[in-house]
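K.L.:
only geometry, no sequence info:
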């Protein structure tokens, strides 16, 4: 009888803990691209339809890091030649298991390798300070869509527009590598953004750059961390 009572109490405690966890959902990711890029995809927008070759658009999930970095390690390469003076290059991933139609605040840490020296000059703008890094959370999957009037690819979300924030993204810095040398260095950018999940409890993370530098930018993303916390109406 004593053992039976203890079992009932244990079940009740476990049920209580499970209930607490499901009523206060919290989800995070810590993806290191040298290990895995599962769930991540990359794409481009703000360029003419059919001009992928001219813009030299390139993505590679398992690209070896360039010297002087550790060439035995890998990153997610995203590269393009910004002929339009406005090329948008981005990564995105879906996070699941959240409450439906719930607002979440995301704390981001984005790590990537850049070879753009501080204070450098280039065509149309700096290859460092004129390439802006943005983060966002969206209730729809971020995608490029063809504008039948302009014949350009545009985003289906309100992204950053170079130095300006959008409804679905915000600027958290640029790609200046923190040195005066034209060599690759791993840097980090951090920030927070608040977004809303969809009716199925999904939310999409987006990280990207919008460029005013009218030449080639090649970034090797090495990791993305995101911690989501539920935002209550009281906040």
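P.N.:
Thanks, I have it. All values reported here derive from a predicted model rather than from experimental measurement. Numbering: from 1, shown residues only.
K.L.:
C-alpha from now on. contacts and neighbour counts both.
P.N.:
OK.
K.L.:
any idea what the spatially most central residue of the chain is structurally, helix, strand or coil?
P.N.:
Note on the chain: the residue nearest the mean C-alpha position is residue 207, at 2.2 Å, using Cα atoms, centre = their mean. Under DSSP: H, G, I helix; E, B strand; the rest coil, residue 207 falls in the strand class.
K.L.:
what about stretch 202-221, start to end distance?
P.N.:
One end of stretch 202-221 sits 23 Å from the other (Cα to Cα, to the nearest Å).
K.L.:
Equivalent analysis for stretch 140-149, please.
P.N.:
Stretch 140-149 has an end-to-end distance of 23 Å (Cα to Cα).
K.L.:
List the buried residues for it?
P.N.:
Residues of stretch 140-149 classed as buried: 140-144, 146 (neighbour count, 16 or more other Cα atoms under 10 Å).
K.L.:
for those, which one is nearest residue 197?
P.N.:
When the buried residues of stretch 140-149 are compared for distance to residue 197 (Cα to Cα), residue 140 wins out at 8.4 Å.
K.L.:
List the beta-bridge partners for the residue nearest to that closest one when sequence neighbours are not counted.
P.N.:
Distances taken as Cα to Cα, 6 or more residues apart in numbering place residue 204 nearest to residue 140, at 6.8 Å, with adjacent residues excluded. Legend: beta-bridge partners of residue 204 under DSSP bridges are residue 94, residue 138.
K.L.:
so residue 204 makes contact with residue 141?
P.N.:
Yes. Applying Cα atoms under 8 Å as the test, residue 204 and residue 141 come out as touching, 6.0 Å apart.
K.L.:
all strands for the chain, in order.
P.N.:
Taking DSSP state E to define them, one finds strands in the chain at 26-32, 41-45, 47-48, 58-64, 74-81, 88-95, 103-114, 131-138, 144-147, 152-155, 169-174, 185-196, 203-211, 216-230.
K.L.:
which two of the buried residues of stretch 140-149 lie the greatest distance from each other?
P.N.:
Using Cα to Cα, those reach their maximum pairwise distance at 140 and 146, which is 16.9 Å.
K.L.:
okay, and the common contacts of residue 204 and residue 141?
P.N.:
Common neighbours of residue 204 and residue 141, using Cα atoms under 8 Å, 6 or more residues apart in numbering, are residue 94.
K.L.:
before we move on, the earlier item: check contacts around the residue nearest to the centre of the chain.
P.N.:
Residue 207 makes contact with 90-92, 110, 133-136, according to Cα under 8 Å, 6+ apart.
K.L.:
Out of those residues, which comes closest to residue 214?
P.N.:
Checking these against residue 214 by Cα to Cα gives residue 133 as the nearest, at 16.0 Å.
K.L.:
Report the contact partners of the closest residue to that closest one other than its chain neighbours.
P.N.:
Of all residues not flanking residue 133 in the chain, residue 209 sits nearest, at 4.5 Å (Cα to Cα, 6+ apart). Contacts for residue 209 were tallied using Cα under 8 Å, 6+ apart; they are 88-90, 131-134, 162.
K.L.:
what does residue 189 give?
P.N.:
Counting by Cα under 8 Å, 6+ apart, residue 189 touches 109-111, 133, 172-173.
K.L.:
Rebuild those residues as TSV, extending it with pLDDT and distance to residue 32.
P.N.:
Output for the contacts of residue 189, formatted as TSV (pLDDT from 0 to 100; distance: Cα to Cα, whole Å):
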residue	pLDDT	distance to residue 32
109	98	11
110	98	10
111	98	9
133	98	19
172	98	20
173	98	21
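K.L.:
Show the model's pLDDT score for the closest residue to residue 116 other than its chain neighbours.
P.N.:
Leaving aside its chain neighbours, residue 116 sits nearest to residue 128 (4.8 Å; criterion: Cα to Cα, 6+ apart). On pLDDT, residue 128 comes in at 97.
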